[in-house]
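Engineer: Below are the sequence and a predicted model for it; my questions follow.
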Amino acid sequence: MSMHDPSHIRLDTTPPDPRFAEELKAVFWLMHQVREGNALPVTEAEAVAHSLFAAMRRTGPVTLPQLPLRRMAEYVAVHAINVSLLAMALAEAAGVDNRAVRDIGLAALLHDVGMTRVPVELLARADQLSDAERELVQRHPLEGARIIVEADASLELAAVVAYEHHLRPDRGGYPRLKYRRTPHYAARLVQLCDVYHALRSPRPFRQPWPADLTFAFLNERAGTEFDADFAGKLITLIKQHGIA
Amino acid sequence: MDGLNDSFGLTLGNGLAGSDLALSDFLRALRVAGGDASDAAVIARRLEAEPDFGTRPFARLVEELSGPADRNAPLVSEVVRSYGADALQRLLLRLDEAERRRLAARGSKALSPAALIPLLQATAGALSIVLSQPLLELTQKLAAAAQTTDAAVRDRAADAFRGLSLHLVERWSVKESLTKSSIAPEPSRVLALSLETGAVGTVVWSAFREQSLTEPGVRTLVEMVTQAEDSAAKRALTARLATPARLAALLREGEIDFAAVDLMIAHLDREAVGPLLDALVNAQGRGTRRALMDRLVRLGPDIASQVLNRLGDARWFVVRNMISLLRETEADVPASALDPFVTHNDARVRREVLQLRMEREDTRAAALTAAVRDHDKSVLRTALQTARGGLPAAAVAILAQRVAEPDFPPEFRVMSLYLLGRTRDPAARTALLSFAGGGRSLFGKAKLAPKSPEMLAALSGLARSWPTDPHARDLLDVAAKSKDDQILNALRAVGTDDGRGDGGVRGPG
């Protein structure tokens, strides 16, 4: 357990999933590249998304694998991969075509890439953030969109999802928009997977939420904070795959 | 020949030599000769040994495949795989860039995953693109999954692998996806994101192009950009948005959005002049015309050449507005360019051109002379107002004559007489005497004309400019004996008339 892993927080003790070693390594590498100020390695991100897409059927019928979070320092990468897998599964359940599923997978993989512009210490903090610090963290959608747009590739959907994944269907959330619009379909989908995975994961400042509490939270806010249709589908999907 | 018989070698040689031989014919010949997938390595080496590395036949082998289900795909895939990345790269380097990309794109769709890896590596190498280690590992992993025996796994992995390969090729070629996802965001959403974050890149330009395909799309975009706060994105989008054609479209709107117009003008500068002039010519309301004129004037005197080109328009108001623009921009226009308009049949044009000329040192005298001759009241008024600064000799004679004519506008007589009273021209004296004097008495004594504003103005002029003239002296002596304060004031007002025509008679101050 590293110094970033508070002793009272329950981390996953299951062994690392060897099926995703390359993907995890690639996501670490690409996040590191961005944090270092380099352009987003788009091709590698695309390769991860394609590989995750393929992995969901690697054992025959569609599966919904989820990587264990064994160290807090792995959170950003594990979160990216797990949200990507959840989002692709949810997209499939919603009936979109393969190409769109992969695009959503890529967008979900990069949805928090803006976090690379937030000081690492803030993300690892166990105590409450000040208003200024919270404001800094809440800039990550804007920073993420910038990183993706400036990567100079055809990542429209990823940019939109990174930017809008904290917007709510009831027009709440952040960032503040100058041009009024409801969140994009894929942003609403990824938002839900993002929240689900974040709640179910241990964070430096709290224990992971149990599944039933998380489902209740999503159900309560379905139709206002979350897309009601996606919320229902995600809960069903998770129960079906027994990853709750 | 590595197990190949002579007839196969001959067939291959013929196939390679016949550059217009279709792949199907070539492969049929191979099969007839006994070649099959197991001979792929031999075919590859044979191709490699050909002059020019067998490049063109190789490219055709790949490009003529219709897809992964093509019955020749396994053999061609084996040929590609047998080459290996290094040899493939040498081969690809003999193709031009477009050919290389075409080959990689076609290969991505039809070749087996095992063949695609060396092809992609070779394409990247030929294009000087470095494939990162994580990417290589992931592609190999996908390729391996695409070759498993489980059909469901294999199909999905192969689909993902081909999708990734196409992404790579597309990124290498145009940096843009050639096909659009079914859930791609609307271009206006991407543009809104760009303006809100200030970020620009390929996605933004792609959205911009799509948004610009329709008039309403452009209108929305212009509105968005106009409302946006200053940022690199706003500046970049405006620069692309601002074209003379788009400005013209904006100016054709029923109610012109001048904030948007100004945004475009700032980027178009001189290129905005044409559309603005077109709009000015067609503008209905005075307010709109003035707003357009203001913007043209702000563009400065450099607009003159384009303005001059419009002077041939038959419509008086167009010509008037163009001359007005030349005047307001203080453009340096050759005098001869405006000569024909001095005698234009519409007084509004004449007034504008004379005003322009009267404002300029080198043409003032001639313009004033022409203007005082003009029978249009507005032209004459302008001339008299301008003449406060001095009346040229040629104009004095004309005004002196006209002021006495019965059809001379009476409201201008007083002002004219004051102006004439400021000169020492004999023609002016005659006019002043005629208005100040009332003939002679039976005893031959000079008489003043009945008191009137004209009489007072003329008397004042005589006192000022002709105090010792014998003809004027008689009248001035009579006036000096008058008990009428206004007459006495007219005599005292010498030197105080400032040419405003308001009666230096009112005294100094």
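Structural biologist: Happy to help now that I have it. Numbers count the residues shown, from 1 in each chain, chains lettered A, B, ... in the order given.

Engineer: per-residue pLDDT, the residue of chain B most remote from its centre?
Structural biologist: Most distant from the centre of chain B: residue B:443, at 80.3 Å, with distances by CA atoms, centre = their mean. Residue B:443 is assigned 80 on the pLDDT scale.

Engineer: And the helices in chain A?
Structural biologist: For chain A, the helices defined by DSSP state H occupy A:21-35, A:42-55, A:75-94, A:98-109, A:120-124, A:131-137, A:140-149, A:156-164, A:185-200, A:211-221, A:228-241.

Engineer: Comparing the ones you listed, which comes out most buried?
Structural biologist: helix A:156-164 (a mean of 31; mean count of other CB atoms under 10 Å in any protein chain shown). Using the backbone N, CA and C atoms, a C-beta is placed for each residue, glycine as well.

Engineer: Can I get that one as PDB, trimmed to CA atoms?
Structural biologist: The C-alpha trace of helix A:156-164 is given here as PDB (Å, rounded to 0.1, in the frame of the first residue of the first chain):
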ATOM      1  CA  GLU A 156     -15.700  15.100 -32.000                       C
ATOM      2  CA  LEU A 157     -17.600  12.700 -29.800                       C
ATOM      3  CA  ALA A 158     -14.800  12.300 -27.300                       C
ATOM      4  CA  ALA A 159     -14.400  16.100 -27.000                       C
ATOM      5  CA  VAL A 160     -18.100  16.600 -26.500                       C
ATOM      6  CA  VAL A 161     -18.300  13.800 -23.900                       C
ATOM      7  CA  ALA A 162     -15.300  15.100 -22.000                       C
ATOM      8  CA  TYR A 163     -16.900  18.600 -22.000                       C
ATOM      9  CA  GLU A 164     -20.500  17.600 -21.200                       C
END
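
Engineer: which stretches of the chain aren't confidently modelled?
Structural biologist: If you meant another chain, say so; for now it's chain A. Scanning chain A for pLDDT under 70 picks out A:1-16, A:57-64, A:243-244.

Engineer: oops, chain B please
Structural biologist: Applying pLDDT under 70 to chain B flags the ranges B:1-57, B:128, B:149, B:171-179, B:493-509.

Engineer: Sort out which residues of the longest helix seen in it are buried, please.
Structural biologist: When chain B is scanned for its longest helix (criterion: DSSP H), the result is helix B:151-173. Applying a neighbour-count criterion of 16 or more other CB atoms under 10 Å in any protein chain shown, one finds B:153-154, B:156-173 buried in helix B:151-173.

Engineer: Pull the number of nearby residues for residue A:19.
Structural biologist: Here the count is done by other CB atoms under 10 Å in any protein chain shown, and residue A:19 has 14 residues near it.

Engineer: measure it to residue A:67 for me?
Structural biologist: Distance of residue A:19 to residue A:67, given as CB to CB, to the nearest Å: 9 Å.

Engineer: Residue B:154 now?
Structural biologist: For residue B:154 relative to residue A:67 (CB to CB), the value is 24 Å.

Engineer: can you check residue B:226 too?
Structural biologist: 47 Å.

Engineer: the more surrounded of these two?
Structural biologist: For residue B:226 and residue A:67, the more surrounded residue by other CB under 10 Å is residue A:67, and the numbers stand at 22 against 18.

Engineer: Settle this for me: the more buried one is touching residue A:17, isn't it.
Structural biologist: Yes: in this structure, residue A:67 is within contact of residue A:17 by CB atoms under 8 Å, at 5.5 Å.

Engineer: Could you pull up phi and psi at whichever residue of the stretch 301-450 of chain B sits closest to chain A?
Structural biologist: Closest approach between the stretch 301-450 of chain B and chain A, counting by CB to the nearest CB: residue B:303, at 34.9 Å. Dihedral pair for residue B:303: phi -80, psi -10, per degrees, to the nearest 10.

Engineer: My guess is it contacts residue B:325. True?
Structural biologist: Yes: the pair residue B:303 and residue B:325 passes the contact test of CB under 8 Å, sitting 7.0 Å apart.

Engineer: who touches both of these two?
Structural biologist: Shared contacts of residue B:303 and residue B:325, defined by CB atoms under 8 Å, 6 or more residues apart in numbering or on different chains, comprise B:296, B:331.

Engineer: quick one: which of the two has more around it?
Structural biologist: Per other CB under 10 Å, whichever of residue B:303 and residue B:325 has more neighbours is residue B:325, with 27 against 22.

Engineer: Residue B:293 is in contact with that one, correct?
Structural biologist: Yes: Residue B:325 lies in contact with residue B:293 (CB under 8 Å); the separation is 6.5 Å.

Engineer: Distance check, residue B:411 against residue B:384.
Structural biologist: For residue B:411, the distance to residue B:384 - CB to CB - is 10 Å.

Engineer: Render the CA-only coordinates of stretch B:220-227 in PDB, please.
Structural biologist: C-alpha atoms of stretch B:220-227 as PDB (Å, rounded to 0.1, in the frame of the first residue of the first chain):
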ATOM      1  CA  THR B 220     -26.400  30.300 -36.700                       C
ATOM      2  CA  LEU B 221     -22.700  30.200 -36.700                       C
ATOM      3  CA  VAL B 222     -22.400  33.900 -37.300                       C
ATOM      4  CA  GLU B 223     -24.700  34.500 -34.300                       C
ATOM      5  CA  MET B 224     -22.700  32.200 -32.100                       C
ATOM      6  CA  VAL B 225     -19.300  33.700 -33.100                       C
ATOM      7  CA  THR B 226     -20.700  37.200 -32.600                       C
ATOM      8  CA  GLN B 227     -21.900  36.400 -29.100                       C
END
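
Engineer: got the contact list for it?
Structural biologist: A:178-179, B:188, B:191-192, B:195, B:208, B:211-212, B:234, B:237-238, B:241, B:246, B:250, B:257, B:259-260, B:263-264.

Engineer: So which of the residues you listed sit within helices?
Structural biologist: Among these, the residues falling in helices (DSSP H) are B:188, B:191-192, B:195, B:208, B:211, B:234, B:237-238, B:241, B:246, B:250, B:259-260, B:263-264.

Engineer: Many thanks, I have nothing further to ask.
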